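**Student:** starting from these lines, generate the structure:
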Amino acid sequence: MEAFPVVEYDAIEPGAPAEPRWVSRVDELEFVLAEARRVFGPAGAEKWLRGIEPRLADRRPAELLRSGRVVDVIRALLEHRAGSYG
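**Tutor:** Here you go, the predicted model:
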């Protein structure tokens, strides 16, 4: 199971600027991955992203990321870091 889907897009010419929406999305995912590694460690972060998370109504963080619900995933990570149980 892949943590994130492969996104199909039109070919981009070398040196062409990236679309702002993709840059923003990549920045969000990089932040989530970095924060998950801080909270759970490298191996734990991958397990957490693919596992069921009670703070996300028993959904998988990776599923929510795919659907654009980055804020919900970040909130769950911050609750973990703070030791909160929702």
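
**Student:** span of stretch 58-72 from start to end?
**Tutor:** Terminal residues of stretch 58-72 lie 12 Å apart, using Cα to Cα, to the nearest Å.

**Student:** what's the average pLDDT for that stretch?
**Tutor:** Average pLDDT, stretch 58-72: 94.

**Student:** go on, stretch 76-84?
**Tutor:** The average pLDDT for stretch 76-84 rounds to 89.

**Student:** return the set of buried residues in it.
**Tutor:** Ala76, Leu77, His80 (16 or more other Cβ atoms under 10 Å). Heads up, the C-betas are built off the backbone N, CA and C, glycines and all.

**Student:** same check on stretch 26-39?
**Tutor:** Within stretch 26-39, the residues scored as buried using 16+ other Cβ under 10 Å are Glu28, Val32, Leu33, Glu35, Ala36, Val39.

**Student:** how about stretch 62-71?
**Tutor:** Buried-residue list, stretch 62-71, by 16+ other Cβ under 10 Å: Ala62, Leu64, Leu65, Val70.

**Student:** circling back: reformat the buried residues of stretch 76-84 as JSON lines; add secondary structure.
**Tutor:** JSON lines is the format used below for the buried residues of stretch 76-84 (DSSP: H, G, I helix; E, B strand; the rest coil):
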{"residue": "Ala76", "secondary structure": "helix"}
{"residue": "Leu77", "secondary structure": "helix"}
{"residue": "His80", "secondary structure": "helix"}
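
**Student:** Ser84: what secondary structure?
**Tutor:** Per three-state DSSP, Ser84 ends up coil.

**Student:** ok, now how distant is it from Phe40?
**Tutor:** 15 Å (Cβ to Cβ, to the nearest Å).

**Student:** this completes my enquiry, with thanks.
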